[in-house]
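Q: compute the structure for the input listed below.
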Amino acid sequence: QVQLVESGGGLVQAGDSLRLSCAASGRTFSRDAMGWFRQAPGKEREFVAAITWSGITTYYADSVKGRFTISRDNAKNTVYLLMNNLKPEDTAVYYCAADTDSTIATQDVFYDYWGQGTQVTVSS
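A: Residues are numbered from 1 along each chain as shown. You can find the predicted model right below:
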């Protein structure tokens, strides 16, 4: 059974940092591009960041560029999202996803596997 399990969310204050993790199991994701998306209440799911299978290339939404960093450890089948200088507008459920096409995509339709999400709440 293929699974992506996110962890590391929580309630923090504006300016704080969090590191999300996404542990994959059930298949090898080392050749997949991986992405993070988020969905705030009443809003559509939006792209946050993505990384190629090698970890060499990353891509970020403008809203998080310079504050968030995506990385991966293929030996551990895990992807991370380090979030610094968090803002109240970052409050959302964060999802990780795997794109077996191995290319970075910003649209969720291109991702094949999804986690259940982890809540991040940033208070002002």
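Q: how near is the residue nearest the centre of the chain to residue 124?
A: For the chain, the residue nearest the mean C-alpha position is residue 36 (2.4 Å; Cα atoms, centre = their mean). Applying Cβ to Cβ, to the nearest Å, the value for residue 36 to residue 124 is 23 Å. C-beta coordinates here come from the backbone N, C-alpha and C atoms, glycine included.
Q: now swap in residue 42 and tell me
A: 18 Å.
Q: who has more neighbours out of these two?
A: Using other Cβ atoms under 10 Å as the criterion, residue 42 and residue 124 rank with residue 124 on top: 9 against 5.
Q: spit out the contact partners of that one.
A: With contact set as Cβ atoms under 8 Å, 6 or more residues apart in numbering, residue 124 has these partners: 13, 14, 88.
Q: try 7 Å
A: 14, 88 (Cβ atoms under 7 Å, 6 or more residues apart in numbering).
Q: confidence score at it?
A: Note on residue 124: pLDDT of 94.
Q: one more: residue 2?
A: Per the predicted model, pLDDT is 85 at residue 2.
Q: could you do residue 66 as well?
A: 98.
Q: give me phi/psi at it?
A: Here is the backbone geometry of residue 66 (degrees, to the nearest 10): phi 90, psi -10.
Q: any idea how far it is from residue 36?
A: On the measure of Cβ to Cβ, residue 66 and residue 36 end up 16 Å apart.
Q: returning to that earlier point: the residue nearest to the centre of the chain touches residue 47, doesn't it?
A: No. Residue 36 lies out of contact with residue 47 (Cβ atoms under 7 Å); the separation is 8.1 Å.
Q: could you measure the residue nearest to the centre of the chain against residue 103, distance?
A: With Cβ to Cβ as the criterion, residue 36 and residue 103 are 16 Å apart.
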